[in-house]
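Engineer: model this:
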Amino acid sequence: MDFDDEKWSLFWCNLLHPVIFGQIEEEQINQYLKKLVQQELLFPDGKRKSPSLSTLRRKLNLYSHGGFRGLARKIRSDRGKIRSVDQEVLDKAVELKKEQPFRSDNTINRILEAQYQKTIAPSTLYRHLRKAGATRLKLGVTGKKVRKRFTRDHTHDLWVGDFEEGPYVLVNGEVLPTYLCLFIDCHSRYVVDGRYYLRQNLDILIDSLLRAWSVHGKSKELYVDNARIYYANALKSACYELNINLLHRPAKDPAAGGLVERVFQTIQVQFEAEVRAGEILALNALNRGFSAYLEMGYHKRIHSETNQAPQERYNQGLTAIRHVNMQQVIQFFMHKVLRTVDKDFSDIQLNNTFYQVDPKLRQDRVQVRFDPFSDMKTVWIYTPDNQYLGQGTMHNRDKSAEPSKCQPQGKPKNNYIDLLVQEHEKQLKVRAKGIDYREILSTRQWPFTAFVQTVARLMGQQKKGLSAFNAEEVEMLKKAYNRMPALSEVSVEQAWLQAPQKTVPHLICQLQNMK
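Structural biologist: Now for the predicted structure:
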């Protein structure tokens, strides 16, 4: 008796229970059955109807002779067979599939139609082929991979890393998107480093890895995406130096990154949804909140797959910390350029800044190494074949700034070097954000802040400006502003008047319709 038969047998037994167990006198059975006929009942197939008197009597007779199993429906002799198609046609379909496993149902049906003037419905054909063991999977020619879960026995055996888009933030009055760079330990699902950045490139990847290595040491293996930045020579060199096996996700195979993608999904639901519901944050505030969420929330909650909190499993699986010589590793990630030392000033020029080196190196060709995201006050000098020569320090070529050998001078009131350093630091901060080519190419005269203030005014919150909206609304306004370069105060006011509801989503929808 299968599940469906059992369900029907129970239905009839429950319905006829008083008769079966003699709770009704024999002369009153017929009257009881007639009452049941007058009732509308919910049958196991989901239909509502009244049973017939003959059906009730037949079910009682079946139970009296065969008991509970006697109520089961009789199995047809041709059960499981396709009755609408001749067996000869079905056998031919199986033969065609085995002959060429990659034949589609359309191809098989065209051959059957030519030979027998008959076709088989695709679902019926597949069911028959599967039963006959003639599908590509059963024939062993499928290209689908057999998956297995990522697992390691100890902490730091394998780290998995990737980027994901994050919430928008407010940076110097601009609304900018963020990108979450994340590295997790495979054994414990512990986030060894996670941080939001304004870009997703090699420099950001390096910054995140260096943070993880400085706190947790190195892992045995590192599993990353198949993107171009993960094939950078600097990353490969550092991994070889640290004896880390660098693994890449196979191309066009997103399922292989499911481990870190699942963590991204958890973060989006538990953390980023709360961020978007409130006021838009600065980048530092977003990262502080994320660090607090990891330590107080994610790392202490029981993981659904490991049945342990990531922090607890991390500590239990930790056998050793493989410390990293950070000074040695940083050298692999430094930018390297060739320069010729000036014969008169004994310096080299880098990014419109001069660095003085050992006078013995004048007119020599040297290799300059530097960290583009540091304060850039010092660079390192090597020979072209990588032999260390010393450091170069930032200096000013203005000879008038040098003390006179004849008459010593006091400290200048206006320090030109400090001014250069301040201007250079401002330049580096701007450069650290990356080049916004859309801003360079854009000729827009109406700034984003004016757009936001116009919307706030239309909503009756002119004095609040940007603070009148939550983070999600600001993100929606910024994306709409970027998509529609022809926005103006007049077009926004016109869209507001035509919007069916006076909300940000309806305003943006109306602007798009007008566009």
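
Engineer: could you list the buried residues of the strand ranked longest in the chain?
Structural biologist: In the chain, with assignment by DSSP state E, the single longest strand is strand 158-171. Within strand 158-171, the residues that qualify as buried are 158-164, 166-170, counting by 16 or more other CB atoms under 10 Å. Using the backbone N, CA and C atoms, a C-beta is placed for each residue, glycine as well.

Engineer: ok, stretch 106-115 next?
Structural biologist: 108-109, 112.

Engineer: which members of these occur in helices, if any?
Structural biologist: Judged by DSSP state H, helices contain the following of the buried residues of stretch 106-115: 108-109, 112.

Engineer: now, among those residues, which is nearest to His395?
Structural biologist: Distances from His395 to those, taken as CB to CB, are shortest for Ile108 (80.7 Å).

Engineer: that's a helix at Leu210, yeah?
Structural biologist: Yes: Leu210 forms part of a helix when assessed by DSSP: H, G, I helix; E, B strand; the rest coil.

Engineer: start the count at 696 instead of 1 going forward.
Structural biologist: Got it, the first residue is 696 from now on, which makes the last one we talked about Leu905.

Engineer: burial of it, as a residue count?
Structural biologist: Leu905 has 17 neighbours, counted by other CB atoms under 10 Å.

Engineer: please enumerate the helices of the stretch 996-1145 of the chain.
Structural biologist: 1005-1012, 1021-1028, 1111-1127, 1132-1136, 1143-1153 (DSSP state H, counting those that start in this stretch).

Engineer: out of these, which comes closest to Asn982?
Structural biologist: The nearest among the helices of the stretch 996-1145 of the chain, by CB to CB, is helix 1111-1127 at 15.4 Å.

Engineer: show the average pLDDT along the closest one.
Structural biologist: Here helix 1111-1127 scores 70 as its mean pLDDT.

Engineer: again, but for stretch 1192-1199
Structural biologist: 88.

Engineer: sort out which residues of it are buried, please.
Structural biologist: 1194, 1199.

Engineer: quick one: it to chain centroid distance?
Structural biologist: 33 Å (CA atoms, centre = their mean, to the nearest Å).

Engineer: now do it: everything it contacts.
Structural biologist: For stretch 1192-1199, the surrounding residues in contact (CB atoms under 8 Å, 6 or more residues apart in numbering) are 1150, 1153-1154, 1164, 1168, 1171-1172, 1191, 1201-1202, 1204-1205, 1209.

Engineer: what ranges do the strands span in the stretch 996-1145 of the chain?
Structural biologist: Secondary structure of the stretch 996-1145 of the chain by DSSP state E, counting those that start in this stretch: the strands cover 1030-1035, 1042-1045, 1048-1051, 1060-1065, 1073-1077, 1083-1090.

Engineer: next one: the residue nearest to Ser1041 when sequence neighbours are not counted, what pLDDT does it get?
Structural biologist: Excluding the flanking residues, the one nearest Ser1041 by CB to CB, 6 or more residues apart in numbering is Pro1054, at 4.5 Å. On the pLDDT scale, Pro1054 is placed at 91.

Engineer: ok, so of the buried residues of strand 853-866, who is nearest Ser747?
Structural biologist: Distances from Ser747 to those, taken by CB to CB, are shortest for Glu859, at 62.2 Å.

Engineer: that's all I had, so thanks and see you.
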